[in-house]
Structure formats: structure tokens, C-alpha cells
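> sequence? don't have it. structure:
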């Protein structure tokens, strides 16, 4: 995601510091298709929770991912609160959190949806750590308790992966400082 009003995004900061998978080796057509597929599933989930989704309009591939997500909701008794939430932090970062909700066994958590058979879990863990920082700054009365990657495989399975780890939060705080320094000295 590009910057918003000159404020760098979470993904922009992490990529500039080499902390996410670089998919530049893939053909552009394949990258565009993967992004479109992911965007379609994100929208289907958002519209489902907002009560505006026409499930009959879903492409079969997106339907598989959507049904996997619904199965996750039922199995985990996960309660949705928000989708595609844009948040800012005074450290100079903006992010779009995929899903916020409550897990009965844990409490408030942030999910990052990855519609892929082989997601960059380490990169997503760092992304989620920064999202956690954004959420907690903007909601100090309701800090998050857990961060998970929700991997949706192309064959229709949902696999939640807990990536809550203080180390990732420390790496993200350092990445923001490095990004700001590189921007200030003109090396970005």
C-alpha cells in the first residue's frame, strides 16, 4: 500500500527495510491476479459483515475462500467488530487492519487475511505487530490481546497462525526509526 497523504504505510516501511518477502521475481500478471483475488475476498468478508453481500455473485474461487472464513467464524466463535480499518500513529505510519474481533478464549485480536497457499508468515507477523501498535495507540482503553495470520488456502481451508510476539513489535519500532532516518538523509 502506498503512503496516505505523505504518511508512509506499514507495508511501505517494512518493504523499505527489507522486512517482507519481495515478490518482484514473479510475473506482473501473476502478482496482479493474486492481489485481485485477495481484494475480492477482503471485500466479500467486509460486505458479509456489513450485511450487503450477495453471495450468489461470488466467483467460485472467492466462494471457496469465503466459505473457509465462515467456517473459521463458526469453529472459533469469533465475533467480528471491524474490517479494513485505517489507523494512523504519531510516529508517522498509517495502516489498514484487515479484521478486528473478539476470540472467546483470548479477547480482542487483530487478524490479517492471507489468501494464499504459501503466505509470508514472518512478514505478516511484522505487519501485524505494527497494526497492533496502531490499534493500541488509537484504542488505549481496549488493547489487543493477540495477532494472527488467517491463512485461507486456495482449496478452501482456514488456518489461523498465532504470530503474537514482542520481538516482532521491537523490530517494527526499529523499522520506523530506520525508515525515518533514511527518509531524512535522502537515501529513500
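That came through, no problem. In this text, all values refer to a predicted model and were calculated from it rather than measured experimentally.
> Excluding sequence neighbours, find me the nearest residue to residue 159.
Spatial nearest neighbour of residue 159, excluding adjacent residues (Cβ to Cβ, 6 or more residues apart in numbering): residue 151 at 4.4 Å. (C-beta placed from N, C-alpha, C; glycine too.)
> Tell me the strands beside the strand or helix carrying the one you found, with direction?
If you go by DSSP states H and E, residue 151 is part of strand 146-152. Strand pairing for strand 146-152, using DSSP bridges, gives strand 107-115 (parallel), strand 158-162 (antiparallel).
> Pick the most deeply packed of the ones you listed.
strand 107-115 (a mean of 21; mean count of other Cβ atoms under 10 Å).
> Show residues contacting that strand.
Outside strand 107-115, the residues that touch it by Cβ atoms under 8 Å, 6 or more residues apart in numbering are 34, 37-38, 41-42, 45, 65, 69, 81, 97-103, 124, 127-128, 131-132, 135, 142-152, 154, 160.
> And what about the closest residue to residue 41 other than its chain neighbours, helix, strand or coil?
In space, residue 41 comes closest to residue 65 once its chain neighbours are excluded; the distance is 4.5 Å by Cβ to Cβ, 6+ apart. Secondary structure state of residue 65, per DSSP: H, G, I helix; E, B strand; the rest coil, is helix.
> can you tell which of the strands paired with strand 146-152 is closest to residue 171?
strand 107-115 (15.9 Å; Cβ to Cβ).
> circling back to that earlier point, which residues outside the strand holding residue 151 are in contact with it?
With Cβ under 8 Å, 6+ apart as the test, strand 146-152 has contacts from 41, 65, 68-69, 72, 99, 103, 106-107, 109-116, 119, 121, 124-125, 128-129, 131-132, 158-164.
> Spatially central, which residue of the chain would that be?
By Cα atoms, centre = their mean, the chain has its centre lying nearest to residue 112, at 3.3 Å.
> for that one, which residues make a bridge with it?
residue 149.
> And for residue 82?
Under the criterion used (DSSP bridges), residue 82 bridges to residue 100.
> I figured it was touching residue 96, is that so?
No. The criterion here is Cβ atoms under 8 Å, and residue 82 misses it with residue 96 at 11.0 Å.
> So which of those two has more stuff around it?
residue 96 (17 against 14; other Cβ atoms under 10 Å).
> Quick check: closest non-adjacent residue to that one.
residue 86 (5.3 Å).
> And for residue 156?
Nearest to residue 156 is residue 64, by Cβ to Cβ, 6+ apart, at 3.7 Å.
> From the contacts of strand 107-115, keep the buried residues only.
37-38, 41-42, 45, 65, 69, 97-103, 124, 127-128, 131-132, 135, 144, 146-152, 160 (16 or more other Cβ atoms under 10 Å).
> Go ahead and measure how far stretch 171-183 is from the middle of the chain.
20 Å (Cα atoms, centre = their mean, to the nearest Å).
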